[in-house]
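> Okay, predicted coordinates and the sequence, questions at the end:
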Number of protein chains: 2
Amino acid sequence: MRRTGDQFMVKEINTSIVMDTILRYHSISRARISEITGLNKGTVSSLVLELINQQLVFETGAGESSGGRKPVMLQFNGDTGYVIGIDLGVNYILTILTNLQGDMICEHQEDITGLNSHEIIPLLVRTIGIVSSQAPLSHYGIVGIGIGVPGMVDSEGTVLFAPNLGWTHVDLRAAVQVYYPEMPIFVDNEANMGAIGELQYGAGKKVANLIYISVGIGIGAGIILKNELFRGTAGYSGETGHMTIDADGRLCRCGNRGCWELYASEQAISDMGKSIKLNGVTGTLESYITSAQEGQVSIIEAFDKIGHYLGIGVANIINIFNPDLVIIGNRLTLAERWISQSMQDTVKKRALPIQRQSAIVQFSSLSSHSTALGASFMAVSAFLQKSTART
Amino acid sequence: MRRTGDQFMVKEINTSIVMDTILRYHSISRARISEITGLNKGTVSSLVLELINQQLVFETGAGESSGGRKPVMLQFNGDTGYVIGIDLGVNYILTILTNLQGDMICEHQEDITGLNSHEIIPLLVRTIGIVSSQAPLSHYGIVGIGIGVPGMVDSEGTVLFAPNLGWTHVDLRAAVQVYYPEMPIFVDNEANMGAIGELQYGAGKKVANLIYISVGIGIGAGIILKNELFRGTAGYSGETGHMTIDADGRLCRCGNRGCWELYASEQAISDMGKSIKLNGVTGTLESYITSAQEGQVSIIEAFDKIGHYLGIGVANIINIFNPDLVIIGNRLTLAERWISQSMQDTVKKRALPIQRQSAIVQFSSLSSHSTALGASFMAVSAFLQKSTART
DNA sequence: TTAGTTTGTACAGTGGCTAAACAAAGTTAA
DNA sequence: TTAACTTTGTTTAGCCACTGTACAAACTAA
């Protein structure tokens, strides 16, 4: 049943409050923490002492006096440990190393075009080794690995279905765990990781309800509600790409008709491209962007149309969730310049007036790093939770 | 900032766990509660003693022995207080009186067709008086009032916009509070109340993620995620009726095109009815149902179509949320017989296979009482929370 | 120098929890 | 019938994290 309350729970809650306060204010004294949180000065002192002993917090010296004894300033010790975040894309692996504050130390990218899972996983493990070796010496070392995958992932870290990788039932967590038996490893959908990345380090820093829409070959969404990832009953929420926006529309490979991703994804621009008279365009998103930069009108109009359809789905999401923020991420952000205007116009036209007032729609501010950063934060979060739990 | 942990919080949490356990098992001994919850026997004893002193729980006598001393069975004292739940509909007020377990003691309905807010509110207050007078003598008496309204409601209980009532900015809570100055009063959207009603007393009793779709003149949704109502950032979530399901569809009064409620609501059936050759049909939902009962094919086909479009939106919601359960409520449930089949067929076709496995779609099991019961539960919930809080 | 302010620690007291002991009340079987 | 065992619910001692208060240390300002 539910966890019962006892003194350890109280301490855990309060330690976490103290920690969050230090993180939020960056540099703060014990006295201020006590004031802000409402915790007794003595309580704060004793909790901070433990955090210092764990090397999670350190004293940076005296701060400015406001007419009395100078405060001793505290800071989170971001470099006491490091984590690895991996964005396993359709044709690339992006592996990054960050400290506990999300500062990126190094990154490494590999092309995986045409490889199958038996080739990809060893390569992925190799990238972990490469960035690990770049980690500065620290008290805790590497404390966790997060991996974002373009497909459905169950709670055990098994990739159930990743159509664009051609994977079904690949137990990715276990496969990596073999190489790092003691390491906490977190595998989740790429859109969920992206949503967390934006919430923690991107545009959604001070926001409670955020929908991250990952627009690549298909469309997926990471849903953050009340500051928490919402995964759905079985972990399959956010399949917004298969939301019907045209009841009698084109047939989708999912069996449904008029799915959003048929009209507003990388796939959609390719489909449009085929029917446009091309001059030297090869069919990749990048090639269409080049054409648009060169001023080819038919391509620019195609992007405009994509933006319109993107806006229809975004407006639906706003009407359903009433979020603070909708963030468009993943590959299609490359075409922001040609998509943004028509998308925003359509959202303005289609979302209810009362929703528009509060909801903001924007493109990812972390560009191509949302997923990797989110994945790394999963590991950070688990590490801090474990650290502040019962001693 | 966040609430800090202290011994009172621990007690509150554990009291609430004990209370929930008693409610769930209906009749249970202290020893079993201790076993189930993991709380120490002494802790359970002392918490139960307080609940008994507050008359929230009582001992019903000895239970069956399992080879030792007979246990003393405990039960929740549902009749220690009563609450009022009100479903303010477009042309009716349904006011019910329930005990703290949701058992309905009496109900009262009034027709409000053609009345404005200055006439409706006094009438609503009068219905409160009528059902109040039916309340049996109890220790706490009437402990709260909940009201469900067909429109957007802010956190202060002001009805911001209720198009079908013709209300804008009516401070309903304050208006009722005048008559009952000390009474806790909760005003919320009718779909939110319905969702809570189904979660507590209806089909969604053992479910974490439930979407209640209220299909009346328009469509609204109450969203329960992780056992909690999700209201959105400003409280305007669930405006699913204005989700686009046909990108180039008909114009809606909201300014958008192809809104779901144009195709799958009471309004939709009326619109269809106009273009059907009628024999004696007057244009109300009831009249169409009568025609369908009489076997008029064009009407039956119209309902079938409504079911199809209802299914499209439901499939979208399933793909987005991955819920345990979707419940269709409000007026259109009257036509369940003619709508259900085509709706279920469409959902089966349109929701992703993996979602279908877990999600169930059904019509309300509380029929027309979901909203009133949900409203009454809001009051029960607040009362119990207050009672188990710090003494 | 002195008075006042601010910071952080020390210490007693509170209260809710746990573990263990125990009394009461039952069953089971020789 | 009696003895041994089980189960229930209360009591008691001890633990631990919190709070409030007192206080020393360190600083500002007049």
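Good, I have the coordinates.
> Need the pLDDT of the closest residue to DNA strand C within the stretch 1-150 of chain A.
Using Cβ to the nearest atom of the strand, the closest approach of the stretch 1-150 of chain A to DNA strand C is made by A:Gly68 at 1.9 Å. Glycine gets a C-beta too; all of them are placed from N, C-alpha and C. You'll see A:Gly68 listed with a pLDDT of 91.
> Are we agreed that A:Gly85 is in a strand?
Yes. Under DSSP: H, G, I helix; E, B strand; the rest coil, A:Gly85 sits within a strand.
> show me what contacts A:Arg175?
That one is not Arg; residue A:175 is Ala. Neighbouring residues of A:Ala175 by Cβ atoms under 8 Å, 6 or more residues apart in numbering or on different chains: A:Ile121.
> again, but for A:Val215
So A:Val215 contacts A:264-266, A:310, A:328-333 (Cβ under 8 Å, 6+ apart).
> do the same with A:Ile289
Counting by Cβ under 8 Å, 6+ apart, A:Ile289 makes contact with A:334-335, A:338.
> could those residues be laid out in a markdown table, adding neighbour count, distance to DNA strand D and secondary structure?
Shown next, in a markdown table, are the contacts of A:Ile289 (neighbours: other Cβ atoms under 10 Å in any protein chain shown; distance: Cβ to the nearest atom of the strand, whole Å; DSSP: H, G, I helix; E, B strand; the rest coil):
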| residue | neighbour count | distance to DNA strand D | secondary structure |
| --- | --- | --- | --- |
| A:Leu334 | 17 | 48 | helix |
| A:Ala335 | 23 | 51 | helix |
| A:Trp338 | 20 | 54 | helix |
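> Let me have the residues you listed in JSON lines, adding distance to chain B and pLDDT as columns.
Shown next, in JSON lines, are those (distance: Cβ to the nearest Cβ, whole Å; pLDDT from 0 to 100):
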{"residue": "A:Leu334", "distance to chain B": "24", "pLDDT": "95"}
{"residue": "A:Ala335", "distance to chain B": "20", "pLDDT": "96"}
{"residue": "A:Trp338", "distance to chain B": "20", "pLDDT": "96"}
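> Now do the strands in the stretch 201-350 of chain A.
Under the criterion DSSP state E, counting those that start in this stretch, the stretch 201-350 of chain A contains strands at A:210-215, A:219-225, A:228-229, A:325-329.
> Can you name every helix or strand that the longest one contacts?
Pointing back at strand A:219-225 there. Applying 3 or more Cβ pairs under 8 Å, 6 or more residues apart in numbering or on different chains; DSSP states H and E, one finds that strand A:219-225 contacts helix A:190-201, strand A:210-215, helix A:297-321.
> so which of the ones you listed gets nearest DNA strand C?
helix A:190-201 (27.6 Å).
> right, and out of the contacts of A:Val215, which lies closest to chain B?
Among the contacts of A:Val215, A:Ala264 lies closest to chain B (Cβ to the nearest Cβ), at 10.4 Å.
> Test my guess that that closest one contacts A:Gly218.
No. With contact defined as Cβ atoms under 8 Å, A:Ala264 does not reach A:Gly218; the gap is 10.1 Å.
> how about the residues of chain A that lie near DNA strand C?
A:4-7, A:29-32, A:41-42, A:45, A:48-49, A:65-72 (Cβ under 7 Å from any atom of the strand).
> Buried ones only from those, please, as a ChimeraX command.
In ChimeraX, this line selects whichever of the residues of chain A next to DNA strand C come out buried by 16 or more other Cβ atoms under 10 Å in any protein chain shown:
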select /A:4,5,6,29,30,31,32,48,71
